[in-house]
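**Student:** the amino acid sequence is not available; the structure is as follows:
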């Protein structure tokens, strides 16, 4: 309740018409929330001066402690951010010497890489050095500098829209604002379950005392997350949070009480046991391996695997017997088991993890509907195969399959 | 300019604090833009009645032809959408018989699946049947029904936040609104380039006549897209668009003039030639296979592949000679070539496509910085290997690598 408010404005017409899927809102929201901000808005806005001006005014009108604007700092005609911030806050644009120094330096690098003359590029690039008066330049990670401008009680931060540039510049912004000072992060209880639906969790929450807690339930790919926030020092709330956690643990399949993603949990378990994993993927086509290798340092435990879309490849790469494929079909319990064992043996891994299923929309046969997925985990002692029927479309079935495989590996490796 | 405006409001605290990455805004923005709407806002808003009320008022104040609200239609205490729409538009909530029939039916299914009693679930679920008066229920794809409510000149559409449910219900919404009637889709010129930076494209655009066009340039993973919109019947604009397309084709590496994603373009080329592909992935860990299998029916041309994270696996699964690994290291031109050839031979594919690189943040060695990636394509006649140095962090390097591999396959297979 005492948390400072933050708003995020993401500019770029490409974010609203299906060309680009935003990533910055997600990143900034997570970072600000972890620091104790209450993120009240993430607004995506086209490169349209009128809409941008109206949105800036609306968001500033809410008097957030922080307004982060991403995008629109480049060199093209639709890069409007600095001008519109200048306009809305009545801090007119002016060439900033520090920003110009930064832009000249990066332009020199671009010119070199592209084999172009510096003089040719600089006039266009120099547009990026015009900041609202009073603004302070933030060194660019790529080409465009950002800036910080204090307006009333709001710190306005403008950053480039390219995700890796924004993410590289963000820590300096946080340090520069010293936003941590004065912001008491709220207490947060997190309880995560796999194997229960949202409705079951909601029923349990209804029967618990939670009036002092800010509760949120979310479900994604079969995982249900309960987050209860409360202010530091509220002892009654802390007692409610403890009781809620105990009730969930007693009744439900709780797998975590922290924010680590399932691939991080699996990584920690494998590392702790000095174990390795190899995958055998059919309908997920590489998504499981991609997820396991998202984390830096994943070569500690991930050896590799086989993508076995075609039946012949299931035989040749993993040694799945042709007779098994013939008798049961590729989407079957025995084939999932043989795939997991093949991956484990051929890659000499502690665990072999397999996925075979009907991701849809085609491929369903009598008794094998879209969403039917078998997941196998072959370990030192034995092989476990589980059968799932996932709801939803092709990407959903694939995403649920990956999460189910990671949870099966978690349970097997933690046992 | 004459296009009707549409706004999108996505509710759910989990979308703003880093728990869930939104997908609905991207989906709805793309669908609405294709139908000729000008999407002026995508707003993410927490489950906070005050913020939600203020956002609804702000968006309705802009008088869009269409306002789509997603999320907040479930059974928990933070499902506020119907109540807040009722409040903002002065259409009080009331139980809707048609919605109640839908909810009872879906509750019966949920009760059956979870082994629960219908009577126990129904009171909680029946909350979902309360709609703003005058609203018309939309049949649920999952559990919660949506609704359409006309308010002034704005059609308000509320849909569940679960992406597959929203996407399954969306076509009916479009049909119900008959939004196509009266909306003349704008003319759109799309030109996409791979191999040029945004700054080179911007320079060319600056030298062209484009005053009658609504121009947008976007860059993602090395692809630069130029979109020029103009009103149907504007012959001067059409001539400018034609001239611009010709200029870009003459000067730049244009690979497409439509919206097909690169994996679709590759799929079309492979299908047309009756060709198949197998992958050999190191630093991408499965992302390339996952991308190639995103499309339904990809088994027509995708056979499978090998994820070869560990050097031993590069040898065992793909036959990369140990001496080659020893002499050049895993991230090298010869190893990329051997991986591609290994995948092609062992999976009996027309093309073998390989990726090996330093995705970072660790793993850099003298002469092999983070971002260095070799991509190989082995075809019937020969093997091509290209060297890249990609900017950015681990996910960025991996994403650029996948796109570079798909473009190398495109060029090789189309030759």
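**Tutor:** Structure's in. What do you need? Worth saying up front: this structure is predicted, and the values here are computed from it rather than measured.

**Student:** contacting residues for residue A:66?
**Tutor:** Neighbour list for residue A:66: A:4-7, A:32, A:37, A:154-155, A:157, A:177, A:179 [criterion: Cβ atoms under 8 Å, 6 or more residues apart in numbering or on different chains]. Every C-beta, even on glycine, is put in place using the N, C-alpha and C of the backbone.

**Student:** buried ones among those?
**Tutor:** For the contacts of residue A:66, a burial check counting by 16 or more other Cβ atoms under 10 Å in any protein chain shown picks out A:4-7, A:32, A:37, A:154-155, A:157, A:179.

**Student:** returning to that earlier point: near chain B, which of the contacts of residue A:66 show up?
**Tutor:** Contacts with chain B within these, counted by Cβ under 8 Å from any Cβ of the partner chain: residue A:32.

**Student:** of the buried ones among the contacts of residue A:66, closest to chain B?
**Tutor:** residue A:32 (8.0 Å; Cβ to the nearest Cβ).

**Student:** sec struct for the closest one, please.
**Tutor:** helix (DSSP: H, G, I helix; E, B strand; the rest coil).

**Student:** need the pLDDT of it.
**Tutor:** What the model reports for residue A:32 is a pLDDT of 88.

**Student:** would you confirm that it contacts residue A:42?
**Tutor:** No: the criterion here is Cβ atoms under 8 Å, and residue A:32 misses it with residue A:42 at 10.0 Å.

**Student:** so which of the contacts of residue A:66 are in helices?
**Tutor:** A:32, A:177 (DSSP state H).

**Student:** which of the contacts of residue A:66 lies closest to residue A:208?
**Tutor:** The closest of the contacts of residue A:66 to residue A:208 turns out to be residue A:37 (Cβ to Cβ; 27.4 Å).

**Student:** what sits closest to the closest one if chain neighbours are left out?
**Tutor:** residue A:6 (4.0 Å; Cβ to Cβ, 6 or more residues apart in numbering or on different chains).

**Student:** same deal with residue A:139?
**Tutor:** residue A:102 is the one closest to residue A:139 (Cβ to Cβ, 6+ apart), at 5.8 Å.

**Student:** that neighbour reaches residue A:125, doesn't it?
**Tutor:** No: checked against Cβ under 8 Å, the pair residue A:102 and residue A:125 is beyond contact range at 10.4 Å.

**Student:** what do these two both touch?
**Tutor:** Between them, residue A:102 and residue A:125 share no contacting residue, judged by Cβ under 8 Å, 6+ apart.

**Student:** re the thing from before, need the contacts of residue A:66 in a markdown table with distance to residue A:384, can you?
**Tutor:** As requested, the contacts of residue A:66 are arranged in a markdown table below (distance: Cβ to Cβ, whole Å):
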| residue | distance to residue A:384 |
| --- | --- |
| A:4 | 48 |
| A:5 | 48 |
| A:6 | 45 |
| A:7 | 47 |
| A:32 | 41 |
| A:37 | 43 |
| A:154 | 55 |
| A:155 | 53 |
| A:157 | 49 |
| A:177 | 50 |
| A:179 | 47 |
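
**Student:** which of the contacts of residue A:66 fall in strands?
**Tutor:** Judged by DSSP state E, the contacts of residue A:66 include A:5-7, A:154-155, A:157 as members of strands.

**Student:** how about the residues of the stretch 101-250 of chain A by chain B?
**Tutor:** A:110, A:114, A:121, A:124, A:142, A:162-164, A:167-168, A:197-200, A:202-203, A:205-206, A:215-220, A:225, A:227.

**Student:** re earlier: including pLDDT, could the ones in strands among the contacts of residue A:66 go into a markdown table?
**Tutor:** Output for the ones in strands among the contacts of residue A:66, formatted as a markdown table (pLDDT from 0 to 100):
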| residue | pLDDT |
| --- | --- |
| A:5 | 92 |
| A:6 | 94 |
| A:7 | 97 |
| A:154 | 92 |
| A:155 | 92 |
| A:157 | 96 |
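
**Student:** can I get the residues you listed in CSV with distance to residue A:189?
**Tutor:** What follows is those, written out as CSV (distance: Cβ to Cβ, whole Å):
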residue, distance to residue A:189
A:5, 22
A:6, 22
A:7, 26
A:154, 31
A:155, 30
A:157, 30
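
**Student:** in these, find the pair that's most separated.
**Tutor:** Counting by Cβ to Cβ, the most remote pair of the ones in strands among the contacts of residue A:66 is A:5 and A:157, 14.2 Å apart.

**Student:** residue ranges in the stretch 51-200 of chain A under the pLDDT threshold?
**Tutor:** For the stretch 51-200 of chain A, applying pLDDT under 70 flags the ranges A:178-186.

**Student:** show the average pLDDT along stretch A:372-392.
**Tutor:** 95.

**Student:** quote the end-to-end distance of it.
**Tutor:** 11 Å (Cα to Cα, to the nearest Å).

**Student:** next helix or strand past the host helix or strand of residue A:86?
**Tutor:** In this assignment (DSSP states H and E), residue A:86 forms part of helix A:81-89. Counting by DSSP H and E, the next helix or strand C-terminal to helix A:81-89 is strand A:93-95.

**Student:** against which helices or strands is the helix holding residue A:86 packed?
**Tutor:** helix A:49-61, strand A:93-95, strand A:130-132, strand A:146-151, strand A:154-159 (3 or more Cβ pairs under 8 Å, 6 or more residues apart in numbering or on different chains; DSSP states H and E).
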